[in-house]
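J.: Quick one, structure for this:
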Amino acid sequence: MRFWQRWAAGVVDHPGRVWFWLVVMVLPAFWGLSRLEVKTSNFDLVDPGDPEVARLLAFNRDFGGINPIVWVVSGSDPKLRHELVDQLAHFARQHTLVKGVVERWPNDRGQVDFLDGDGLSLVLVQPRDQKVQASLLKPLIADLEAWNQSQMRQFSAVNLGLTGIPVYAVADQTSIQTEVSQVSVWSLIGVLILFMLGFHRFFHPLLAVGVLCLVVLVSVGWTAIWPGYLTHVSGTFASILIGLGVDFSIHFIHRLEQMPQADWRERVKQTIAVSGPALATGALTSAAVFLSLLGSGFQGFSELGWIAGGGLLICLIATTTVLPLLLLRTRPLPQVSPQTEWTLPGYFAWPLLVGGLLLGAWRNPGFDSNYLSLQPQQSSAVFWEKQLVEHSDWNTQFMGFRVNDLQAWLTLKQKLRNQASVGRVLCPLQWVELQSDPLIASLAQSLLATMRSPQGDYPVFVFPRANVWNAADQTPFLEDMQAIDAQTTGMPLLGKVMVDKTHTALRRTAIWGSLAILLVLILDFRKVRLILLACLVPALTLWTLKGLMAVLGLSFNPLNVMAVPLILGIAVDDGVHLLHRTQQEGGRVASALGGTGRSIVLTSLTTLCAFGMLALTANPGLASFGLILVLGVGLALVFSLLVLPVMMKLFPIRRLAP
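T.: Model prediction:
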């Protein structure tokens, strides 16, 4: 408390220092903003030094083709399909963003065939950009789509479509950028409206949002320190800071309204001193959860944790320095007396507590690692992917091997033939087997020259027979491939590695985040009773959430797991503010609820508005993220207002020492 009294005096009595340090922080932020790079590849989410990632990147560097655009031609007339395939391949080869095209390959009968399935043919288009950066792939895919539309107008008997990882990457970026930008605007409007309705004011909520925008800008400078760029995961930090940071301003202004009438400067100073401890604990616990992502083992999450965790600390500083100074330049707020007693029905507490414990113990939600589940169901790329799996033994996902000569290829081919999980196999050395034909011999030498690595190796591409997006089909295929060669690589393996890292990140974040929260609470409250009460709401919220997800048939996925640290931070924040206010009210729980209950409800509603609108988006990944946040924040609100007060009456709290 004494620290915050000195902090308040320093801010209010020496505003010039605050403005000086603000300029010092903002100027580098503008420099960082001008240099900040946005990376749009999934490869940027993983550590390039990881053995599996390094092996895949090396394979891509030597041969390319591990992430092709799959161009599908569907129709009942093979002759018409093959005519279109030739035209398509010719068009693709002329494109400056295309490195290679494959539309024919030798079969086991010694003939060169089109890449056919049941009623469809396909062309593998290898982009020059092998890191699957959506920003570089977007113009290429747009040109291919335009060509498709022109051909389908001319040939009504065929359908043309694109699928594959590059197509998904571009679709993801377009969908997420469009929907997140739209939702962010509406969320910000909704938060402002709720803020204004909650306080019956217009200007002060605008000041609070302005401070949040300043926090986002300064956080850009923080990002420039490390990692120096944004990905489509870490790029969500602004929404996180707005969704959580607005809570600090709500609690501050709400407490300022309730301060006894006095000199305006003195009221602001006292508000900083009184609200500072609870704001600091809430900010530190939320920041600690995000910073614990640094030990998650998953680079994408680590970067988000650094940016969001640091941003929340910046938000705490701004709320207790810049916001008070801006408020001092406004007309003094009239005092609003807190509701003397705010009691909620206590008989709800025990059924909620027991029900939450039983629900959490009933069953755990599953983990959906199927990437297609994160794609809009009306996506044409998903449709063509399913057509490939159902009507051919081709696939957009495959594994890569290396062979150094014809004999090594023949040995590997025999091993692959014995695997039931293998659909098709492509190797440039297959052309060597057909060199009796002079034309083919010439083509073979040209192809071998372009597909030979600097070490003299040749690639072997192995396509799975089943849909490896499904874990039940993916596991046996990967086991078969790794049994043949432990150094094999490919997107199915990288996908599994990323899912495994997501699992690990979730466990590590839960452990390290909980320990970090516990440490902050120990430093703040220093009494076992208060620490346990502060841990009650977050623990009960997460425990009940997993059972509720199982009841509703919801699963975690690589995207919505990021809702967990947000929910944890919000749940801790609600309980901490109520506990601090109860201490200040001399242990009178009803008086504490009357003083801070409205701000807890309002912060929960603004958070629900900020993130809940994501549940209405067409992108299944974003929608699941928003829905889990809605459930988690709703549970935290219920447990904070209905269960925690009853527990505080059972274990009384003494007045806070001055």
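
J.: contacts and neighbour counts: CA atoms only from here.
T.: OK.

J.: tell me the contacts of Leu426?
T.: Leu426 sits next to Trp105, Val460, Phe461, Val462 when contact means C-alpha atoms under 8 Å, 6 or more residues apart in numbering.

J.: per-residue confidence for Ile317?
T.: Reported pLDDT at Ile317 in the predicted model: 98.

J.: what helix or strand is it on?
T.: For Ile317, the enclosing helix or strand under DSSP states H and E is helix 299-319.

J.: what's the next secondary structure element after that helix?
T.: helix 322-328.

J.: I'd like the mean pLDDT over that next one, please.
T.: The average of the pLDDT scores along helix 322-328 is 97.

J.: So which elements touch the helix or strand that it is followed by?
T.: Going down the chain from helix 322-328, the next helix or strand is helix 349-362, by DSSP H and E. In this structure, helix 349-362 makes packing contacts with helix 528-551, judged by 3 or more C-alpha pairs under 8 Å, 6 or more residues apart in numbering; DSSP states H and E.

J.: re earlier: tell me which entries of the contacts of Leu426 lie within strands.
T.: Restricting the contacts of Leu426 to those inside strands, with DSSP state E as the criterion, leaves Trp105, Val460, Phe461, Val462.

J.: Identify the bridge partners of the residue nearest to Gln430 when sequence neighbours are not counted.
T.: Ranked by C-alpha to C-alpha, 6 or more residues apart in numbering and with sequence neighbours excluded, the top spatial neighbour of Gln430 is Pro106, at 6.4 Å. With DSSP bridges applied, Pro106 shows beta-bridge pairing to Val112.

J.: quick check, distance from stretch 482-502 to the centre of its chain.
T.: Averaged C-alpha coordinates place stretch 482-502 at 21 Å from its chain's average position (C-alpha atoms, centre = their mean, to the nearest Å).

J.: next one: stretch 142-158
T.: Computed by C-alpha atoms, centre = their mean, the separation of stretch 142-158 from the middle of its chain amounts to 35 Å.

J.: residues in contact with it?
T.: Stretch 142-158 has contacts (C-alpha under 8 Å, 6+ apart) with Val73, Ser74, Gly75, Ser76, Arg81, Ala92, Asn159, Leu160, Gly161, Leu162.

J.: And it, what's buried?
T.: Leu144, Glu145, Asn148, Gln151, Val158 (16 or more other C-alpha atoms under 10 Å).

J.: Kindly indicate which of those lies nearest Leu358.
T.: Using C-alpha to C-alpha, Glu145 is the member of the buried residues of stretch 142-158 that sits closest to Leu358, with 52.1 Å.

J.: ok, back up a step: any of the contacts of stretch 142-158 buried? List them.
T.: Neighbour-count burial (16+ other C-alpha under 10 Å) applied to those gives Val73, Ser74, Gly75, Arg81, Ala92, Asn159, Leu160, Gly161, Leu162.

J.: Which pair of these spans the longest distance?
T.: Greatest spacing in the buried ones among the contacts of stretch 142-158, by C-alpha to C-alpha: Gly75 and Ala92 (20.4 Å).

J.: quick one on the thing from earlier: do I have it right that the residue nearest to Gln430 meets Trp431?
T.: Yes. In this structure, Pro106 sits in contact with Trp431. The criterion is C-alpha atoms under 8 Å, and the distance is 6.5 Å.

J.: so which helix or strand takes in the nearest residue to Ala288 once chain neighbours are set aside?
T.: Using C-alpha to C-alpha, 6+ apart and skipping the chain neighbours, the partner closest in space to Ala288 is Ala516 (5.7 Å). According to DSSP H and E, Ala516 maps onto helix 491-525.

J.: List the buried residues of that helix.
T.: Applying a neighbour-count criterion of 16+ other C-alpha under 10 Å, one finds 491-499, 501-506, 508-510, 512-514, 516-518, 520-522, 524-525 buried in helix 491-525.

J.: For the closest residue to Leu447 other than its chain neighbours, grab the count of nearby residues.
T.: Across the structure, with C-alpha to C-alpha, 6+ apart as the measure, the residue nearest Leu447 apart from its sequence neighbours is Pro428 (6.9 Å). As a burial measure, the neighbour count of Pro428 was computed by other C-alpha atoms under 10 Å and equals 23.

J.: Can you tell me how far Pro428 is from Val125?
T.: In this structure, Pro428 and Val125 are separated by 16 Å, where distance is defined by C-alpha to C-alpha, to the nearest Å.

J.: what's the answer for Thr509, then?
T.: When C-alpha to C-alpha is the yardstick, Thr509 and Val125 sit 40 Å from each other.

J.: What of Ile317?
T.: Relative to Val125, Ile317 is positioned 52 Å away (criterion: C-alpha to C-alpha).

J.: ok, now which ones touch Leu326?
T.: Residues in contact with Leu326, defined by C-alpha under 8 Å, 6+ apart, are Leu207.

J.: low-scoring stretches of this structure, by residue?
T.: 110, 338-345, 435-443, 446, 655-658 (pLDDT under 70).

J.: can you give me the strands in it?
T.: 37-38, 69-74, 98-102, 104-106, 112-114, 120-127, 159-163, 229-230, 399-403, 422-426, 458-464, 489-490.

J.: Quick one: list the elements packing against the first one.
T.: To tie it back to what came earlier, the one meant is strand 37-38. The contact analysis (3+ C-alpha pairs under 8 Å, 6+ apart) places strand 37-38 against strand 229-230.

J.: Report the distance from the strand it packs on to the chain centre.
T.: Strand 229-230 has its C-alpha centroid displaced from the chain centroid by 14 Å (C-alpha atoms, centre = their mean).

J.: Note down every partner strand of it and its orientation.
T.: If you go by DSSP bridges, strand 229-230 pairs up with strand 37-38 (parallel).

J.: Show me what the partner strand is in contact with.
T.: Contacts for strand 37-38 (C-alpha under 8 Å, 6+ apart): Gly228, Tyr229, Leu230, Thr231.
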